[in-house]
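Colleague: Let me see the structure of the following:
(chains A and B)
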Amino acid sequence: MNMLVLRPNLKRIHYCFFNSGYKDPVFNGSSEDYRRDKTALKNILANIKSVSTNLACGSDPDAIAVRVLFGGQYFSRPAISGVHVKEKLKELIPFAPLHIPATLEIIECCEQIFPSVPVILIFETAFFAGLPQRESLYALDVDLMENSGFRRYGFNGIYHSAACNYAISNKQNANKKTEKILSICLEPKPEIAAVIRNKPVMVTGGATPMEGIPGETTCGEIDPSIIISLVQKKGWGTEKINTLLSKQSGIYAITGKKITIDQLMCTQNHEYKLARDIIKYKILQACGAGIAAMGGLDKIVFCGRYISAGKSLAPWLIFKLVYSALKDVSDINVDFYPEKIDRIIAESAFIFLLGNRIAAKCEHSENGSVF
Amino acid sequence: MKTLVFNCGSSSLKYKLIDMPAEKIIAAGEAQRVGPVTSQPSRIIHNKGSEEAVIQVEMKDHKTAFGEVMKLLMADKDLVPDIAGHRMVHGGQFFTDVTIVDDKTLDVLDSIMDLAPLHNPPATQLVKACRKMYPDLPQAVVFDTAYHSTIPDYAKTYCLPEDILKELGLRKYGFHGTSHWYVAQEAAKFLNIKLENLNAVSCHLGSGGASLCAISNGKSIDNTMGYSPLQGLVMSTRCGDLDPTVTLKLITESLGDTGYIEKLLNKKSGVLGLSGGMSADIRDIFAKTLPGDSSIDRLDLTVGLYLWRIRKYLGSYLACTGNVKTVIFTDTIGETVPAVRWAVCAGLDIFGIKIDQDKNFNVKSMPADISCADSYVRILVIQTNEELAIARRSYIKFNEAHSAVI
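Modeller: Next up is the predicted model:
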């Protein structure tokens, strides 16, 4: 199956084309300012179409997989775009006012440029849709929470889910359990999830990816009173504070440099020591919280685009846990899940479509047998 | 040495006269309903030995209350204090230790008043009145934040631009330090080890505020509260941890009314908010003694969130402290609600924690060890005593100062 993967964020859209039977993409790239006007996105997709028919596979893709950052409470698994799905997405606009309209626009353009090619939506929040309420809710007034939709969603679900599957199947020792897994996702906004039998019970990301571990430019956990102080003492508006906390904080604020998690963790640069110590400390703490949440630990898996940072972090982390914090644990298995996000999205969409077709066949077959 | 300890509440003034270092209480009492007139008259309940006296007297502020209490004490020659120790909630960036009061201290106290607008002003008023009315009575101030001054930079720094951190003094201060320090000391005594050798997680679970403290080699290395007491655990009316964007959204929706949001997060959230206004006391929620059974789900949810947050932070602090051999439960909820201790500790064998159900549900006196015999970590229930802690710290400080002069 030939699959086009689209991965939009607010300014840029990444695309990646996988040919049937090949693990690496035949072509990929990204375009800036895809939402600058009505035609920009269409032009990008038309270009992809021409490359795909002329060079890549001689035809349109069989399916298009679109990564969606936010699926709210509606989407606990992938979805094939259609009237019903689009209606549900529209209802989510108040919760993700920038991302959801962009997603809808992409779906619309795909329908025009690639008519009759199914568009499969892969949600970053879907993996966490079943988080227990004790983890997903904040200690706010219950009615306020119900009306506002404030809850912990979790964010790098696509990575976490795939990495946990990998960790479960990758048994170094057949006798060792792989039920309780800590998944450490090293992306620009790092996130840690505690997962029991592929069901998350704890995650550091919150209502937005801003909560939890500080990121390259995001503040991570802060005292809510700080925000109130910024309004009262500096007289700043909420938009200005939002920009401060999401774009000018985190590692950037501490080091004064726009560096990646990778650059931070893989050097011994003394200038960055405080930032490095902070991130390491927060990760260690989140691991402790996750282990307590699971009541045990079978495996740690690193994922995300900066797993190389994970490789330099892992020995320290294991030392801290095994030799200092945990008892009766002589060793912890660590996996590094090397797959890139586009490939994971393509595979998720493929498996989803396959499952759907099998289900459809079941419905049509008289005796209910697929075979 | 007779040490007079003052603990200033927003509308009360507690005092204890303790003979140090014997730690014997000579007299104790409380001035109640200090401030504007309420339905009942303000009064002082004064205890000396087994005698109790109730004195009705108008006390419009803490300064007046202080004057009345001192009059009572000075009238009895057994009760004349040698030194005084005050409790102050917030010590800001300047006070990292017990401080003997001089003129400069008063200026600095004034400058940090707005860091804890409810608690610091009455206590500051008291220190000033004391210095003015009894200039010969040496005074010390013990800060709740001081024990946490050893929290390392990587744990206390918020990841915000440096100029803003500096300008507004934004950093983790941590609170309940006097209590955490006291129970740490008591735990070391109970375990017959030196405080410097104590690695512990202290759970101060009050009926109002609550915080966990990570203790390494007897020193605080982290506290769940932050720049203010709002961060961290689910408390009786405080929300604890919250995604920054939630706070921002609430402020936007209230059209910038930060006073309202501050009140919402501090006074109407936590156990009270989750239970839909049924009770701010987790003991009520646990007992399910509240009217109506349609709300059982809501009660379960409240208990669930409350316990879950403590458990996660316990795991977090066990991991970052390392080699923890002691977990301490203290203050009202920590001392009296075995179900909380059970739910927080059960199933944490991987950290070497095994709680003994029988011991846990049958704590008759404190300190009590409620861990199983084969538990690597000792789980202790210790009664906190902030007044005694203040007396100890003040006494030690004066002794040090005195011997330095000699």
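Colleague: from here on, contacts and neighbour counts on C-alpha atoms
Modeller: Fine.
Colleague: Tell me which helix or strand comes right after whichever strand or helix holds B:Asp163.
Modeller: Using DSSP states H and E, the secondary-structure element containing B:Asp163 is helix B:162-168. Per DSSP H and E, the first helix or strand lying C-terminal to helix B:162-168 is helix B:177-191.
Colleague: Name the residues that touch that following helix?
Modeller: Contacts made with helix B:177-191 from outside it, assessed by C-alpha atoms under 8 Å, 6 or more residues apart in numbering or on different chains, are listed as B:142-148, B:194-195, B:198, B:200, B:202, B:204, B:213, B:218, B:328, B:330, B:367, B:380, B:382-386, B:389-390.
Colleague: So which of these belong to helices?
Modeller: Among those, the members found in helices (DSSP state H) are B:Glu386, B:Ala389, B:Ile390.
Colleague: hang on, the earlier thing: which parts of the helix holding B:Asp163 are buried?
Modeller: For helix B:162-168, the neighbour count (16 or more other C-alpha atoms under 10 Å in any protein chain shown) marks B:Glu162 as buried.
Colleague: re the thing from before, which of the ones in helices among the contacts of helix B:177-191 has the most neighbours?
Modeller: Most neighbours among those, by other C-alpha atoms under 10 Å in any protein chain shown: B:Ile390, with 29 neighbours.
Colleague: Any figure for the gap between that one and B:Phe6?
Modeller: In this structure, B:Ile390 lies at 9 Å from B:Phe6, with C-alpha to C-alpha, to the nearest Å as the measure.
Colleague: All the strands of the stretch 1-150 of chain A, in order from the start?
Modeller: Secondary structure of the stretch 1-150 of chain A, counting by DSSP state E, counting those that start in this stretch: strands at A:3-8, A:12-18, A:27-32, A:63-68, A:79-80, A:119-123.
Colleague: Put the alpha carbons of the helix holding B:Asp163 into CSV.
Modeller: What follows is the C-alpha trace of helix B:162-168 in CSV, where atoms were taken according to Å, rounded to 0.1, in the frame of the first residue of the first chain:
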residue,chain,number,x,y,z
GLU,B,162,16.4,35.1,34.2
ASP,B,163,15.5,38.8,34.3
ILE,B,164,11.9,37.9,35.2
LEU,B,165,13.0,35.4,37.8
LYS,B,166,15.2,38.0,39.4
GLU,B,167,12.8,40.9,39.2
LEU,B,168,9.9,39.1,40.8
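Colleague: ok now it, how far from the chain's centre?
Modeller: On the basis of C-alpha atoms, centre = their mean, to the nearest Å, helix B:162-168 is displaced by 27 Å from the centre of the chain it belongs to.
Colleague: List the residues that contact the residue nearest to A:Phe127 when sequence neighbours are not counted.
Modeller: Distances taken as C-alpha to C-alpha, 6 or more residues apart in numbering or on different chains place A:Gly157 nearest to A:Phe127, at 5.1 Å, with adjacent residues excluded. Taking C-alpha under 8 Å, 6+ apart as the criterion, A:Gly157 is in contact with A:Phe123, A:Glu124, A:Thr125, A:Ala126, A:Phe127, A:Phe128.
Colleague: Try it again at 10 Å.
Modeller: Shown here is A:Gly157, whose contacts under the criterion C-alpha atoms under 10 Å, 6 or more residues apart in numbering or on different chains are A:69, A:122-129, A:163, A:185, A:191, A:193, A:200, A:203.
Colleague: One more: A:Val51?
Modeller: Contacts for A:Val51 were tallied using C-alpha under 10 Å, 6+ apart; they are A:Phe17, A:Phe27, A:Leu45, A:Cys57, A:Gly58, A:Ser59, A:Asp60.
Colleague: out of these, which is most surrounded?
Modeller: Comparing those on neighbour count, A:Phe17 comes out first with 26 neighbours (neighbours: other C-alpha under 10 Å).
Colleague: Quick check: nearest residue in space to that residue, chain neighbours excluded?
Modeller: Beyond its immediate neighbours in the sequence, the residue positioned closest to A:Phe17 (C-alpha to C-alpha, 6+ apart) is A:Leu4, lying 4.5 Å away.
Colleague: how close does that neighbour get to A:Val66?
Modeller: From A:Leu4 over to A:Val66 the distance is 8 Å, taken as C-alpha to C-alpha.
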